[in-house]
Structures are given as C-alpha cells and as structure tokens.
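In: Got a predicted structure here, sequence first:
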Amino acid sequence: MIAIDNVQPLSPESLFELLKTEFPAYVNEQLGSNLAVEFAHVADIVNISFPEIIDGNAYTITVGDNNLEIIDHTTDGTYNTELLEQHLMEFLTLKAG
C-alpha cells in the first residue's frame with residue numbers, strides 16, 4: 001500500500017472525475033502510447049484498470065480525509081507496471097498535493 005497526502009482535499013467523486021477526464025491523456029502522453037484506461041467508483045474507492053494489457057483491476061485508491069491509499073493489484077511480468085505506477089503516483093501527487 002502506498003499513501004499520498006490528500007492536501008486539496010479531494011473527495012472520492014472529484015478524484016473519480018479528475019481521473020476520468022485527465023489521467024488517460026496524462027499517462028498516454030508520458031508513455032507515448034494510446035492505452036485504454038477504465039475507472040469504477042463506489043463510495044470512497046476508485047478502481048483503475050488497463051484492460052488491453054492487465055487482466056482485472058490494476059489499482060485501487062481509497063480516498064480518506066487526509067490521504068489517498070493506493071493498492072497495487074498487478075503481478076510481476078505484466079507489461080511495465082512499474083512505469084504505470086510511477087505515472088499514477090505523479091498524477092495523484094500533482095492533483096492532491
């Protein structure tokens with residue numbers, strides 16, 4: 001689990017909207033790719049998946065008052081998940097910090 005301070009603070013709904021509208025373009029620009037990114041939101045949890053390259057849910061973000069907790073569901077040997085995680089952390093730090 002990785003925690004990022006939620007300084008703004010972002011609500012689960014506002015984070016979900018930010019991810020849907022800005023994260024796909026951000027990660028694809030960083031990677032020079034055109035990956036499909038899907039999101040699901042229930043209560044204080046936002047799930048992120050990359051259906052073209054990773055089976056199932058890749059990351060779960062739990063939104064709290066003081067921080068965002070990210071759980072990585074990817075397995076070793078799946079695409080380049082370290083790079084995806086790095087760009088997700090950069091995006092969240094930029095938006096929540």
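Out: That came through, no problem.

In: Helix or strand: which one has the spatially most central residue of the chain?
Out: The centre of the chain sits closest to residue 88, judged by CA atoms, centre = their mean, with a distance of 4.9 Å. If you go by DSSP states H and E, residue 88 is part of helix 81-96.

In: got it, and residue 65?
Out: Applying DSSP H and E, one finds residue 65 in no helix or strand.

In: now do residue 61
Out: Judged by DSSP H and E, residue 61 forms part of strand 59-63.

In: With residue 29 instead?
Out: Assigned by DSSP H and E, residue 29 falls in helix 12-31.

In: so the strand holding residue 61 versus helix 12-31, what angle?
Out: 140 degrees (axes from the mean of the first three to the mean of the last three CA atoms, to 10 degrees).

In: Give me the sheet partners of strand 59-63 and which way each runs.
Out: Neighbouring strands of strand 59-63 in its sheet, by DSSP bridges, are strand 45-49 (antiparallel), strand 67-72 (antiparallel).

In: Serialize the ones you listed to TSV and add fields for distance to residue 22 and mean neighbour count.
Out: (Each C-beta comes from the backbone N, C-alpha and C, glycine too.) As requested, the strands paired with strand 59-63 are exported to TSV (distance: least, CB to CB, whole Å; neighbours: other CB atoms under 10 Å):
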stretch	distance to residue 22	mean neighbour count
strand 45-49	13	19
strand 67-72	15	17
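
In: I'd like those written out as JSON lines, with mean pLDDT and distance to residue 20 added.
Out: Shown next, in JSON lines, are the strands paired with strand 59-63 (pLDDT from 0 to 100; distance: least, CB to CB, whole Å):
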{"stretch": "strand 45-49", "mean pLDDT": "96", "distance to residue 20": "9"}
{"stretch": "strand 67-72", "mean pLDDT": "91", "distance to residue 20": "16"}
